[in-house]
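1. Provide a 3D model corresponding to the input given below.
(chains A, B, C, D and E)
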Amino acid sequence: MTTRPRLNELGLSTGKKTRLHRILFEYGLRNGTALFLPYDQGLEHGPRDFFDNPASGDPAYIMRLATEGEFNGIALQIGLAEKFYWDYAGEIPLILKLNGKTDIPSDAEALSPVHATVEDAVRLGADAVGYTLYVGTPAQELDFAQFQVVRSDAERLGMPLIVWAYPRGSAIEAKGGKDSYYAVDYAARTASELGADVVKVNFPHPEKRTGVKEPYGDEFSSQEAIDAVVRSANRTLVLVSGGTRAGDDAMLEKARQSMEAGGTGLIFGRNVWQRGHDESLRFVDSLKNVLAKYPS
Amino acid sequence: MTTRPRLNELGLSTGKKTRLHRILFEYGLRNGTALFLPYDQGLEHGPRDFFDNPASGDPAYIMRLATEGEFNGIALQIGLAEKFYWDYAGEIPLILKLNGKTDIPSDAEALSPVHATVEDAVRLGADAVGYTLYVGTPAQELDFAQFQVVRSDAERLGMPLIVWAYPRGSAIEAKGGKDSYYAVDYAARTASELGADVVKVNFPHPEKRTGVKEPYGDEFSSQEAIDAVVRSANRTLVLVSGGTRAGDDAMLEKARQSMEAGGTGLIFGRNVWQRGHDESLRFVDSLKNVLAKYPS
Amino acid sequence: MTTRPRLNELGLSTGKKTRLHRILFEYGLRNGTALFLPYDQGLEHGPRDFFDNPASGDPAYIMRLATEGEFNGIALQIGLAEKFYWDYAGEIPLILKLNGKTDIPSDAEALSPVHATVEDAVRLGADAVGYTLYVGTPAQELDFAQFQVVRSDAERLGMPLIVWAYPRGSAIEAKGGKDSYYAVDYAARTASELGADVVKVNFPHPEKRTGVKEPYGDEFSSQEAIDAVVRSANRTLVLVSGGTRAGDDAMLEKARQSMEAGGTGLIFGRNVWQRGHDESLRFVDSLKNVLAKYPS
Amino acid sequence: MTTRPRLNELGLSTGKKTRLHRILFEYGLRNGTALFLPYDQGLEHGPRDFFDNPASGDPAYIMRLATEGEFNGIALQIGLAEKFYWDYAGEIPLILKLNGKTDIPSDAEALSPVHATVEDAVRLGADAVGYTLYVGTPAQELDFAQFQVVRSDAERLGMPLIVWAYPRGSAIEAKGGKDSYYAVDYAARTASELGADVVKVNFPHPEKRTGVKEPYGDEFSSQEAIDAVVRSANRTLVLVSGGTRAGDDAMLEKARQSMEAGGTGLIFGRNVWQRGHDESLRFVDSLKNVLAKYPS
Amino acid sequence: MTTRPRLNELGLSTGKKTRLHRILFEYGLRNGTALFLPYDQGLEHGPRDFFDNPASGDPAYIMRLATEGEFNGIALQIGLAEKFYWDYAGEIPLILKLNGKTDIPSDAEALSPVHATVEDAVRLGADAVGYTLYVGTPAQELDFAQFQVVRSDAERLGMPLIVWAYPRGSAIEAKGGKDSYYAVDYAARTASELGADVVKVNFPHPEKRTGVKEPYGDEFSSQEAIDAVVRSANRTLVLVSGGTRAGDDAMLEKARQSMEAGGTGLIFGRNVWQRGHDESLRFVDSLKNVLAKYPS
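-> Sure thing, here's the model as predicted:
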């Protein structure tokens, strides 16, 4: 039994509700939870992420994996969406990532520039758009400005807006870092205040306390932290990301705690495809076993 | 085994393919065929169509019927879509009808004025738009002009365009009438030539020969006629409409011939809901039994 | 106990719900019913309507009457709104009428041209806009085209759209006239299909049967007729207009039947102000006594 | 007897007067004063503000509190307005905050980026918009530039513009800080000079004199200071904010002095909801007791 | 036998496919490979590049060389295209370079400003446009922003988009430099992720390992490196550039390895025209001998 808000309690317009319903109830486990496959690492980190499993560098391989694994959606940048989604058009929901950047320049004043529009997403038949918001960056004026355009277009076109809410930049580094409970909690709230329909967060680390604002310096369990993050997101659905590849048991426990907290789902990329094909699908099954316990 | 063209042979953009795939393979029988429920008669004919089954005048009743009957889509005008689709958003595909008219003034120079846009359809999460083209009307200049805007917007936004291709107007009346094989065949071709992705036609009546152009004055079986109509539509998928309510056996035979000819599906309104609830669903089942024999 | 739909069942956007809530629950009887004062007769009929009570020709007199009578709103054309609403801004909701015409030319191809915009209404702080749709007019192409702009702007700006749904034109005259049950029922449905939030109709006359479509030629009581009209309007709230001045008892009985049918309120102009000041307010009280019996 | 300017003396357009009348006379005490509930702290400070009363992190709880407490309005960022206002649409006026920021990066060159528009406010049925102007910030070019767009849109759409006039930035810190009489007085005047209809100020601290411009280095009572601030605002209505939570008696005395000075109302957030539900409402009652003594 | 993707596997729109087909199968060797002549060095480096062969400074000479050498296309900036392409219009495909810069200022925050539009390219009858993307530059926000406009226009107008994907800027210099395998591989991927149809890369140097991200610090042969780069580009066709003039045997071996890896062609400028006319054509023949071995 979950405390996750239901679709008809979120204040959604008809178009947003239609598309989120499709993602949550017509694909994947069809039980109101979601497992997304993000595949923007080729831009965000470069091809180095594909060396562990060279096949993973081929978007066609990933598209196949996403449909075989019956994910609720795949997140792509515009270029790969244009080239690879047609083959599976409609078989799996597309989340078009509207901004992104390379990790070559410094992140001190991080900003993820927009290079595609909500209208591109409509044109490609996507069921949601993704936007990376670098919460706390000194470049927040530019970030909020380009976010406004995206939010407003998404509103006008009935397109669900998923915010990758990532604490980032020099000030965050000085206040506990990007994974601290303080930073993740603030990021989730910021996404909700600015108009995200769904927010993707990293799992919070309450033990990272150096420099955080009070009362985040107190002792909290990871369950308490993720509970609070989901509450801070209120009527914004929460997806927890996998991040860099880690041990399977630890990942599954994070997944369980996230769903227990009222999260809507998981968005796991490298943890899925940085291993062989069959092993990937077995891990996907483990994640789905968790999700199956938390129907809406 | 059908001669119906497959989705990836139609020259569709990614967005159109996504949405048509969804309609044809993620809803209804999920076998590439379609059964649509049109519900624009309240505007086209007025509430008189609802007197046989007063419940049918309530759009909420019809929405429920459409989901219970697991149709592949419901066609609504903008007003009812705004008011009633939210409750079932994403549970059944929406086809937003973009034009329509009352039947109060004369049909001699029939024109169906546009009162909603492709962008409205996007905003509401619709999976297709519908446009009534009055093939042969003396007002065809206005008709083609407003159709161009719709086609172009549909192209730009990746929205499948379903054309209600209706022969209409004084000249058609003088050349065999709106149901003649001549008229229906010409209408199907016109829709394809002007850019329809899907065309809705009435079942052709080859016996209506008075005034038709040669060689439609020859003898043709109804199977020959519908075969030709589907060929005329070429890479435009064909839906055959039920029209005014008629005997069930005759309707099912028309349905069978349409699918045999390579049609993609059926669009039946009054034949479905101008009877009690349970009887409606039983008739839907009969139609689906026909469709089940013609998977893609 | 009424069958009137509640505000949160109408599929309203936040802005439309806000403004309709204000009209229905923060002004007038504050019980979910509405009594509107229309004052566009100076344009629609000319000053002849003011001869019975010359004071009524002064918009300032009418503004005062509207606030003294605690109406739920007053409907004005743009010119009078610009000149007279400031004095009472916010004390009574303004419905800005966006189209209108003189009655000097023939009504055979009636069309009510737009001369103000939804943005004008926003600028003036109006809580709704009004549009006259001439259902059945041979000019329906132009009517629907300008209505689309109004509907779309109202949607974008969260402004409730009240449609004066008036059967009109030569074809209507040939089919039972503008007050027939057939015509009023069709008009209510048309407004709902095209996207009205509220529809203003004349009280239907089932005894006008000459030339009407079947089954409207059958016998119906006036209660049966108004019941059906409200059902045809479905999730569009119904206001019944007073029309030309008639006997008070007859008017009150029409009001009672309208509310009994599930109507939301009344819109009475000439019946109110074509008499002296105090008598006007007494009649308003009688109407409110009816409305008080039908809280939401 | 107050020296507060009356609505019809402010040079307001019809739409602005309509909406301000509604806020001041149709909600709350309905006597021309105002008590607003600001709820943007989740963005401005992060969820840490909610730890004292965890329920306060839930916007639904705050919406309920705002209606139970019969506030004259609630100030929300776009995200929470989209998700939570529908439930109470029209029951309490909405002030849409158009800009905002996190407090993670440095405030030395403070700028509050715009992320929503006046048109969003119209769409949501808001009765006013809010804009944070960082008076004295080195980034004032950007601040004034985006303010111009907001002011101009507010003018065009008849939307009252409430300016959060906050002295901020390195130069202010060097000249007595953000709460000095000098800074608050200058901020109130700046808002009025640039076009605010209403200005929100912090209560001035005449004892903060280090580095202030002459003659603010002289001795002033707090009553003299707030009197002057209200005079500086001239025909811009003044709201005094509560700021960080402090002792109730001190807050009430500040409230009394503010109203005595001719202020129009109070805007108290953390002082209200950083305590239990019933205690919140009791404190609201104390504030209203003050306001009741200063009718327009 | 090549692993190069075929034109109908790339997800191209009709217009893009038409124009790429023309380039690859109606000009040059007509076998699916391409040899392009870039001639933008006059802007990028200044006339110093023409001193070795003064005739090469005359665009008319280069146009003649391009047609005599039967190249698959010539890449020009707008000014030279306006002045010199008319003479050979249609005899050789034109690639209009849309951005470019002088090399006078520092490259630390490199950005190549746009000075022509896709519509210019259409107007001139070009068969593709070229855009220089400086992957890794600290100015990537501006770069991505102007690229979005180009990509979107190219999409709308069916114009193939060739990206000159050049690692550049201070961060790249600190991480192995612009020719490292790491940098070239990341650049190829970035072009594909952002929506290039064709990408021009420099030949990668796996021996440049100082400061590169893991695992690019390992040992790789140049064949392994170019193989990986082509895989990273996936469905984006790869052109390998000649760069500064080098020994012919080395260039031919690079060409061979590029085609072996699945490249589509070569884009050689200075290596071609920084020598006498006849020698230029002989070198072109050598390059074509390589291409002839790799038909599609």
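2. would you list the phi and psi of the residue of the stretch 51-200 of chain A found nearest chain D?
-> Using C-beta to the nearest C-beta, residue A:136 is the residue of the stretch 51-200 of chain A that sits closest to chain D, at 3.3 Å. (C-beta placed from N, C-alpha, C; glycine too.) For residue A:136, the backbone dihedrals are phi 90, psi 0 (criterion: degrees, to the nearest 10).
3. ok but residue A:17 is inside a helix, no?
-> Yes. When the secondary structure is assigned by DSSP: H, G, I helix; E, B strand; the rest coil, residue A:17 falls within a helix.
4. that one reaches residue A:9, doesn't it?
-> No. Using C-beta atoms under 8 Å, residue A:17 is not in contact with residue A:9, being 10.8 Å away.
5. more neighbours, those two?
-> Of the pair residue A:17 and residue A:9, residue A:17 is the one with more neighbours under other C-beta atoms under 10 Å in any protein chain shown, namely 25 against 12.
6. list the contacts for that one?
-> Applying C-beta atoms under 8 Å, 6 or more residues apart in numbering or on different chains, one finds that residue A:17 lies in contact with A:7-8, A:10, B:86, B:89-90, B:125.
7. from those residues, list the buried ones, please.
-> Among the contacts of residue A:17, those classed as buried by 16 or more other C-beta atoms under 10 Å in any protein chain shown are A:7, A:10, B:86, B:89-90, B:125.
8. distance of the residue of the stretch 101-250 of chain A found nearest chain C relative to chain E?
-> Of the stretch 101-250 of chain A, the residue with the smallest distance to chain C, taken as C-beta to the nearest C-beta, is residue A:156 at 8.0 Å. In this structure, residue A:156 and chain E are 18 Å apart, going by C-beta to the nearest C-beta, to the nearest Å.
9. any idea how many residues pack against that residue?
-> Summarising burial for residue A:156: neighbours were counted as other C-beta under 10 Å, giving 17.
10. thinking again about what came up before, so which of the contacts of residue A:17 also contact chain C?
-> By C-beta under 8 Å from any C-beta of the partner chain, the members of the contacts of residue A:17 lying near chain C are residue B:86.
11. spell out which parts of chain A neighbour chain C.
-> Selection of chain A residues close to chain C by C-beta under 8 Å from any C-beta yields A:11, A:13-14, A:156.
12. ok, so of those residues, who is nearest chain E?
-> Out of those, the one with the shortest distance to chain E is residue A:156. That distance is 17.6 Å, counting by C-beta to the nearest C-beta.
13. pLDDT score assigned to that closest one?
-> Confidence at residue A:156, expressed as pLDDT, is 97.
14. what about the helices in chain A?
-> Taking DSSP state H as the criterion, chain A carries its helices at A:14-25, A:41-44, A:59-68, A:78-84, A:118-123, A:140-157, A:170-174, A:181-194, A:222-233, A:248-260, A:270-273, A:277-292.
15. between the longest one and helix C:140-157, how big is the angle?
-> Counting by axes from the mean of the first three to the mean of the last three C-alpha atoms, to 10 degrees, helix A:140-157 points 140 degrees away from the direction of helix C:140-157.
16. so what does helix A:140-157 touch, helix or strand wise?
-> Under the contact definition 3 or more C-beta pairs under 8 Å, 6 or more residues apart in numbering or on different chains; DSSP states H and E, helix A:140-157 sits against helix A:118-123, strand A:128-135, strand A:161-167, helix A:181-194, helix B:118-123.
17. how about the residues of the stretch 51-200 of chain A near chain E?
-> Taking C-beta under 8 Å from any C-beta as the criterion, the neighbours of chain E within the stretch 51-200 of chain A are A:51, A:54, A:57-60, A:77-80, A:82-86, A:100-102, A:104-106, A:111, A:113-117, A:120, A:142.
18. name the nearest residue to the closest residue to chain E within the stretch 101-250 of chain A, ignoring sequence neighbours.
-> Using C-beta to the nearest C-beta, the point where the stretch 101-250 of chain A gets nearest to chain E is residue A:104, with a distance of 3.3 Å. Nearest non-adjacent residue to residue A:104, counting by C-beta to C-beta, 6 or more residues apart in numbering or on different chains: residue E:136, 3.3 Å away.
19. give me the neighbour count for the residue of the stretch 51-200 of chain A closest to chain D.
-> Using other C-beta under 10 Å, residue A:136 has 29 other residues around it.
20. residues in contact with it?
-> Under the criterion of C-beta under 8 Å, 6+ apart, the contact list for residue A:136 reads A:167-169, A:171-172, A:175, A:183, A:186-187, D:102, D:104-105.
21. what's the answer for residue A:120, then?
-> Residues counted as contacts of residue A:120 (C-beta under 8 Å, 6+ apart) are A:78, A:96, A:98, E:152.
22. which of the residues you listed sits closest to residue B:256?
-> Compare each of the contacts of residue A:120 with residue B:256 using C-beta to C-beta and the shortest gap goes to residue A:96, at 41.8 Å.
23. so what sits opposite that closest one in the bridge?
-> Residues found in beta-bridge contact with residue A:96 (criterion: DSSP bridges) are residue A:76, residue A:129.
24. that one against residue A:122, yeah?
-> No. No contact is recorded between residue A:96 and residue A:122 when judged using C-beta under 8 Å, the distance being 9.2 Å.
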